[in-house]
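*Asks:* please find the sequence and the predicted model below.
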Amino acid sequence: MDKKTKIKFNVLAIICIILFSAVLAPKTLQNDTFYTISIGEHILENGVDMQDPFAWTDLKYTYPHWLYDVGIYLIYNLGGMTGIYISTVILSCILGVLLYITNIKVNKNNLVSFLFTLGVMYLMKDFIAARAQLVTFILFVLEILFIECFLEKKKIGYAVRINDYSITYC
């Protein structure tokens with residue numbers, strides 16, 4: 001495949017992946033979504049106080065994804081449940097595109113990477129939700145991409161990016 005055809009294929013593949021990923025994002029929200037919104041509001045009002053205000057016990061609570069909770073609360077304030085749905089669609093699309101880029105880096109075949117990405121996104125459809133795990137999936141794929149870039153180019157910058165999750169294209 002020549003360079004011009006490869007670019008056209010990649011653009012078309014990314015558009016298809018974005019559309020497919022957007023369709024996979026569920027319109028219904030989980031019960032956790034309401035908890036996430038409430039915890040985000042609580043953190044903005046009280047800071048990270050290591051107490052779960054919604055529990056019946058006095059046990060210490062570590063907020064494992066406080067930044068996501070705050071972000072979802074802010075999105076909810078701006079756009080309500082529709083805003084949360086749109087953020088889930090965007091995160092799903094980011095995951096799909098990153099999977100495609102990582103697959104190209106690993107196997108060097110664009111068609112196989114495209115088909116594999118569609119298959120993986122389809123299998124992950126039950127896990128695409130307005131939850132912090134979606135961000136974790138994105139960070140995991142980024143980590144694999146940076147490891148592959150480091151192994152290919154032997155530049156220490158890619159190894160450092162594994163820890164700080166900076167977004168670059170190698």
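*Replies:* Okay, I see it.
*Asks:* give me the number of residues near T5?
*Replies:* For T5, the neighbour count with other C-beta atoms under 10 Å is 10. C-beta: built from backbone N, CA, C; applies to glycine.
*Asks:* now do the one 10 residues further on
*Replies:* Neighbours of I15 under the rule other C-beta under 10 Å: 10.
*Asks:* next one: the one 3 residues further on
*Replies:* Here the neighbour count serves as a burial measure; for I18 (other C-beta under 10 Å) it reads 18.
*Asks:* other SSEs contacting the host helix or strand of Y73?
*Replies:* Using DSSP states H and E, Y73 sits in helix 66-107. When contacts are defined as 3 or more C-beta pairs under 8 Å, 6 or more residues apart in numbering; DSSP states H and E, helix 66-107 sits against helix 3-24, helix 31-46, helix 110-123, helix 132-153.
*Asks:* got CSV for the ones you listed, with distance to C93 and mean pLDDT too?
*Replies:* Shown next, in CSV, are these (distance: least, C-beta to C-beta, whole Å; pLDDT from 0 to 100):
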stretch, distance to C93, mean pLDDT
helix 3-24, 5, 94
helix 31-46, 19, 89
helix 110-123, 10, 95
helix 132-153, 10, 88
